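Colleague: Turn this into a structure:
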Amino acid sequence: MNEPKKSTKKRGRLNKFLLLILTVAVIFIGLNWPTNYYIEMPGSAVSTGQFMRSNSKAPNNFYLVTVSETSQPASVWQYLFSFTQKHVSRVPKEELLGSATNSQYQELQNWYMETSQQNAIYCAAKKAGLKPKLHYQGVYVMQVQKGSSFRKKLQIGDTVLGANGHRFRSTAEMINYLQKRKIGSKVQITVLREQKKIAFTGKIVKVKGTGKPGIGIQLVEHTKVETKPKLTINAGDIGGPSAGLMFTLTSYEIFSGEHLAKGHKIAGTGTITPSGKVGIIGGVDKKVVAADKAGAEVFFAPTDTGGLKKSANNYVVAKKTAKQIGTKMKIVPVRTFDDALNYLRKNFK
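Modeller: Numbering: from 1, shown residues only. Sure thing, here's the model as predicted:
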């Protein structure tokens, strides 16, 4: 008579054990389930001199600063844990990648970096009194907008060479030419893909964001700079355009022989144009944290707003972050390369 009761108890314990295992498994799977967010956090400060290739010795006290980013969308656990950490952001996948895949996004960052390096060398050489030559190659296709008639024709990484038989000498010239076309009119563009020229025909559309005529692509200028003496930059796996200013300072020392920082550790961020304008970047708060951890004495931050409110520009955010972490590092506003150059000359004689 007792045997059935024992059997029932055993089955009950077994069911509870199985339920516990199932609950643990569900929780484990749930916490490791991917979200639609990437996590960004402070990266590291890296000496730009190590990336320079020249007959002259490169200075080792200028530092670019990186933002660390998860290579894949964060898990639920990573997402929740990120709220316990300071200066960590959660970026929606569509905001970070747009319509690109992970691999395409990395390629985009590499192309941005290449353009940044070319601009830096040209700007520095010109400032040093040399006569650099900037060879315009075309524009890299970074993204094709949804309303573009070239959406299923162009690929990320294609270089647009010209339109309707016209070969352009600058991005501004190409944009100006396309904006003079009527919306809906036919246009034939020539692109370079894997060293082969290909022609595509489409229509002029109203470009998203500007409302002006164009072919509906996001682009970055593809240029090659030639200098005497020769200087090249290879930053390896580091991508993006934000090291432009620091590459320019390093290149200028190489070309001019002028010792700007006198052994002091200088960090900073900002894109650079061939004319020396310093542009806004993302993640400046994280870069301030990384530069401070590396022991930087100065951090250059762009004052360019890039269409944002003045209170959101890099310099304002950098100053706020510096105050939050209690650093002694000096946050210096820069609008142009000359601003950074003049600051160093004045403060490190």
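Colleague: alpha carbons only for contacts and neighbour counts from here, please
Modeller: Will do.
Colleague: so how far is Cys123 from Met226?
Modeller: Small correction: residue 226 is Glu, not Met. Separation of Glu226 from Cys123 (CA to CA, to the nearest Å): 12 Å.
Colleague: neighbour count winner among the two?
Modeller: Cys123 (26 against 17; other CA atoms under 10 Å).
Colleague: Check the gap between the nearest residue to that one once chain neighbours are set aside and His135 for me.
Modeller: Leaving aside its chain neighbours, Cys123 sits nearest to Pro274 (5.0 Å; criterion: CA to CA, 6 or more residues apart in numbering). Plainly put, Pro274 is 12 Å away from His135 if you go by CA to CA.
Colleague: In terms of neighbours, single out the busier of those two.
Modeller: Pro274 (18 against 14).
Colleague: Kindly give the local confidence score, pLDDT, for that one.
Modeller: Pro274 carries a pLDDT value of 91.
Colleague: Assign it to helix, strand or coil.
Modeller: Following DSSP: H, G, I helix; E, B strand; the rest coil, Pro274 is assigned to coil.
Colleague: separation between it and Thr336?
Modeller: Taken as CA to CA, the span from Pro274 to Thr336 is 11 Å.
Colleague: do Ile21 as well
Modeller: Relative to Thr336, and taking CA to CA, Ile21 is found at 61 Å.
Colleague: who has more neighbours, the two?
Modeller: Neighbours per residue, other CA under 10 Å: of Ile21 and Thr336, the larger number sits with Thr336, 20 against 12.
Colleague: Pull the contacting residues for that one.
Modeller: Contacts for Thr336 (CA atoms under 8 Å, 6 or more residues apart in numbering) come out as 276-278.
Colleague: got the contact list for the closest residue to it other than its chain neighbours?
Modeller: Closest residue to Thr336 apart from its sequence neighbours, by CA to CA, 6+ apart: Lys277 at 4.5 Å. With contact taken as CA under 8 Å, 6+ apart, Lys277 is in contact with 271, 335-337.
Colleague: Among these, name the ones in strands.
Modeller: Those of these mapping onto strands are Thr271, per DSSP state E.
Colleague: Neighbour-wise, which one of the contacts of Lys277 leads?
Modeller: Highest neighbour count within those, by other CA under 10 Å: Thr271, with 27 neighbours.
Colleague: what is it paired to in the beta sheet?
Modeller: Bridge pairing for Thr271 (DSSP bridges) gives the partners Gly279.
Colleague: Look at it and report its pLDDT.
Modeller: 94.
Colleague: so Phe200 is in which element?
Modeller: Using DSSP states H and E, Phe200 sits in strand 196-203.
Colleague: again but with Asp237, I slipped
Modeller: Counting by DSSP H and E, no helix or strand carries Asp237.
Colleague: how many neighbours does it have?
Modeller: When counting by other CA under 10 Å, one arrives at 9 neighbours for Asp237.
Colleague: Please report the distance of it from Met113.
Modeller: The gap separating Asp237 from Met113 is 10 Å, by CA to CA.
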